[in-house]
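Q: structure for this input, please:
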Amino acid sequence: MKRMKPVSARIGQFVTIKIAKTLCHPQHEDFVNDVALIKLKSKVEFAASVIPACLANDWTENLYDTLLLTGFKEDYRVYEDVPGFGKRPKITELVESVDNLIITEAECRNRTEAMGRTDRITDSQLCVYSPGHE
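A: Predicted coordinates:
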């Protein structure tokens, strides 16, 4: 079954904006190169809780430092039908924020294996560790 592209993006906790265009990574497959750029149909109003994401490059300082990941948590106790995706865990309305440390691919493999997981870790992924949230 072909996956449907998202039609809107959540900006902050309360604003939803329609997506005008999606550009997926040309070598995307499953969890490898799982990244895309989106163009929104309207402008985003920045605020204290809504700021642009800065992408790293060769001159970025403190790349291997702490970063803050935010998102919506999946509630595995409640499932819902999502068109194009089938039954999926319900997404909570509350944003989860966790401080993370960027770790090497080798350390990522060691940590996932120690947890008994067999996740495929590749060099195109950014691996983070959340102390206290294993």
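
Q: residue 35 against residue 26, yeah?
A: No. Shown here, residue 35 and residue 26 do not form a contact pair, counting by CB atoms under 8 Å, at 10.8 Å. Using the backbone N, CA and C atoms, a C-beta is placed for each residue, glycine as well.

Q: neighbour count winner among the two?
A: When residue 35 and residue 26 are compared for neighbours, residue 35 comes out ahead with 12 against 6, by other CB atoms under 10 Å.

Q: who's in contact with that one?
A: By CB atoms under 8 Å, 6 or more residues apart in numbering, the residues touching residue 35 are 24-25, 28.

Q: pLDDT wise, what is residue 82 at?
A: With respect to pLDDT, residue 82 scores 68.

Q: apologies, that question was intended for residue 64.
A: 58.

Q: return the member of the contacts of residue 35 nearest to residue 102.
A: Closest approach between the contacts of residue 35 and residue 102, by CB to CB: residue 25, at 20.1 Å.

Q: and the strands in this structure?
A: 8-11, 15-24, 36-40, 66-82, 86-103, 127-129 (DSSP state E).

Q: partners of the third one in the sheet?
A: In the sheet containing strand 36-40, its partner strands are strand 15-24 (antiparallel), by DSSP bridges.

Q: give me the contacts around the strand it pairs with.
A: Outside strand 15-24, the residues that reach it (CB under 8 Å, 6+ apart) are 5-11, 35-42, 44-45, 50.

Q: same thing but at 7 Å, please
A: 5-11, 36-42, 44 (CB atoms under 7 Å, 6 or more residues apart in numbering).

Q: quick one: which of these is most hemmed in?
A: Most surrounded of these: other CB under 10 Å gives residue 11, at 17 neighbours.

Q: any idea which helix or strand in this structure has the lowest mean pLDDT?
A: For the chain, using mean pLDDT, DSSP states H and E, the weakest element among its helices and strands is strand 66-82, scoring a mean of 68.

Q: quote the end-to-end distance of stretch 8-27.
A: The first and last residues of stretch 8-27 sit 23 Å apart, counting by CA to CA, to the nearest Å.

Q: domains of this protein?
A: 1-51, 53-134 (automatic domain parsing).

Q: lovely, talk soon.
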